[in-house]
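Novice: Show me how the following folds:
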Amino acid sequence: IEHCIILFSFSSTLNARIQQSAFIAMEFQSPEASSKRNDNYPTGSTVPFPYETPYPQQVDLMDALLCSLKSGRKVFLLESPTGTGKSISLACSAMAWLRHEEQVDLTQVEKQKETSPRSSTSWLDDWVAPDERERQHQVTAVQQRAKLARNALNKVLVGIQTKIGTGNRERRENLVRSAVTAAKMRERGRCKKVRRRKITKKPQDEDCCIADYKSDSEKCCNGWDSSDEESVSANNSGVSHLLDGACLDGSSTNHGQSALGGVVPGSGVRKIIYAARTHSQLSQFVGELSRSVKDVRVVALGSRKVLCGNKGEVNRPGRSEQVINDACLDLQKSKSSACPLLSSKEGLATLALHGLAQPSDIEDTAALGEASCSCAYYASRVSASFL
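Specialist: Residues are numbered from 1 along each chain as shown. Below you'll find the predicted structure:
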């Protein structure tokens, strides 16, 4: 995975070999000594922190993480004892790095123009080689497309956040229930219009259903089938287009060779993946993010066993994860019946969008799916594919 941080949290004591590796990994040069992207690069002492003064060990941990990222190392191991504030340190430093990188991506062309030296011959300075001019034009076009798409997404998310308020879970569930219901009704209305236009042809029921089931061997490298991606971005009259990865990274469907930040075209924005052993550790991390960072988009990923809301046909009590997975996939392949939670693509995208409005752990994500009568498992996959 390119341009992505993967953070792991361990609560148990590491053995001597791992401890030695962790010690070596922390012996990076200071941020001031590194020559890569020096402009306003965050350090442990400048990272926005929710408390007035972080502990010295927290500053050291944040410095180690930021220096490791800046050095270009693809794999590094950091260790900090229990109770030293690892979660909040990882959350603050990782988000500071992410925002710095996005700011650099959006302003790199302008900075190149401002810092380029000028000679006494002004007309010679203004001349740009055709290849370089074309490259700058492409970068600018990618930036503009990404800015427009991200501003549109942020505007909608801010509107949802304003309606929810703070700390009101019941209000949030009522809001997502009404929004998903309205999205499903709009989609049914569009499907009826399509059927009336095709009255002489065989009805196309699949227009209102989730994309056909594909096995793992048939999926694309990003974990989401191309037909699924098309279904999410095809209908620009609803909310699905707001989660279009090709728009969020600026690559566009017609210009798929370059993307903002060097991500895989169509994959959306940069991502920070936080992995932990237990749900409680993930919930703790989401809580630290909520208190520490504003305007952050979080997607909680879990198995069907914890996110599937179809208790009658799929996620029955006592079933193993493998049985639940098979039952879900078999239900999608069935011609005679279908999962009621997957009846609307637009409803699924609406649930995904509301899940991004506020940081949510796995329990919150499952509760939103249950309240809206939509599939929280596939909604989280829609969000994660592009965000």
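
Novice: and the nearest residue to Y55 once chain neighbours are set aside, what does it touch?
Specialist: Leaving aside its sequence neighbours, Y55 sits nearest to G85 (Cβ to Cβ, 6 or more residues apart in numbering; 6.2 Å). Yep, even glycine has a C-beta here, placed from its N, CA and C like the rest. G85 is in contact with 54-55, 57-58, counting by Cβ atoms under 8 Å, 6 or more residues apart in numbering.

Novice: Now a ChimeraX select for only the buried ones of the residues you listed.
Specialist: To isolate the buried subset of those in ChimeraX, counting by 16 or more other Cβ atoms under 10 Å, use the following:
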select :54,58
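
Novice: next one: phi and psi at L329?
Specialist: phi -70, psi -40 (degrees, to the nearest 10).

Novice: quick one: secondary structure of A275?
Specialist: strand (DSSP: H, G, I helix; E, B strand; the rest coil).

Novice: And the pLDDT for it?
Specialist: At A275, the pLDDT value in this model is 87.

Novice: My guess is it contacts Q281. True?
Specialist: No: counting by Cβ atoms under 8 Å, A275 does not reach Q281; the two are 9.3 Å apart.

Novice: Looking at those two now, which is surrounded by more residues?
Specialist: Q281 (17 against 12; other Cβ atoms under 10 Å).

Novice: quick revisit: I'd like the distance from the residue nearest to Y55 to Q58, if you could.
Specialist: 5 Å (Cβ to Cβ, to the nearest Å).

Novice: count of neighbours near T140?
Specialist: Counted with other Cβ under 10 Å, T140 comes out at 13.

Novice: That one in helix, strand or coil?
Specialist: Under three-state DSSP, T140 comes out as helix.

Novice: measure it to A129 for me?
Specialist: Counting by Cβ to Cβ - T140 and A129 are separated by 16 Å.

Novice: Same check on E321?
Specialist: 57 Å.

Novice: Ok, W97 next?
Specialist: 33 Å.

Novice: Compare those two and say which is more crowded by neighbours.
Specialist: Ranked by neighbour count (other Cβ under 10 Å), W97 and A129 place W97 first, with 21 against 8.

Novice: So for the more buried one, what's the nearest residue that isn't a sequence neighbour?
Specialist: That would be L69: by Cβ to Cβ, 6+ apart, it lies 5.5 Å from W97.

Novice: isn't S45 right next to P56, touching?
Specialist: No: using Cβ under 8 Å, S45 is not in contact with P56, being 10.3 Å away.

Novice: Shouldn't Q284 be within a strand?
Specialist: No: Q284 sits outside any strand when classified using three-state DSSP, being helix.

Novice: Spatially nearest residue to it, not counting backbone neighbours?
Specialist: That would be S87: by Cβ to Cβ, 6+ apart, it lies 5.5 Å from Q284.

Novice: Now for the one you found: which residues touch it?
Specialist: 9, 281, 284-285, 288.

Novice: what ranges do the helices span in the chain?
Specialist: 16-25, 56-71, 86-115, 122-126, 130-164, 169-197, 226-233, 245-248, 279-292, 304-307, 321-333, 345-357, 362-372, 376-386 (DSSP state H).

Novice: quick one, which of the ones you listed is nearest to V314?
Specialist: helix 321-333 (4.7 Å; Cβ to Cβ).

Novice: and the angle from the closest one to helix 376-386?
Specialist: Helix 321-333 and helix 376-386 are oriented at 80 degrees to each other (axes from the mean of the first three to the mean of the last three Cα atoms, to 10 degrees).

Novice: hey, which helix or strand in the protein has the poorest pLDDT?
Specialist: helix 16-25 (a mean of 34; mean pLDDT, DSSP states H and E).

Novice: The closest residue in space to T350 that isn't next to it in sequence and I324: what is the separation?
Specialist: In space, and not counting its chain neighbours, T350 is closest to A183: 4.2 Å by Cβ to Cβ, 6+ apart. Per Cβ to Cβ, A183 is found 26 Å from I324.

Novice: For the two, indicate the residue with more neighbours.
Specialist: More crowded of A183 and I324, by other Cβ under 10 Å: A183, with 24 against 20.

Novice: Contacts only, for the more buried one.
Specialist: Contacts of A183 by Cβ under 8 Å, 6+ apart are 238-239, 344, 346-347, 349-350.
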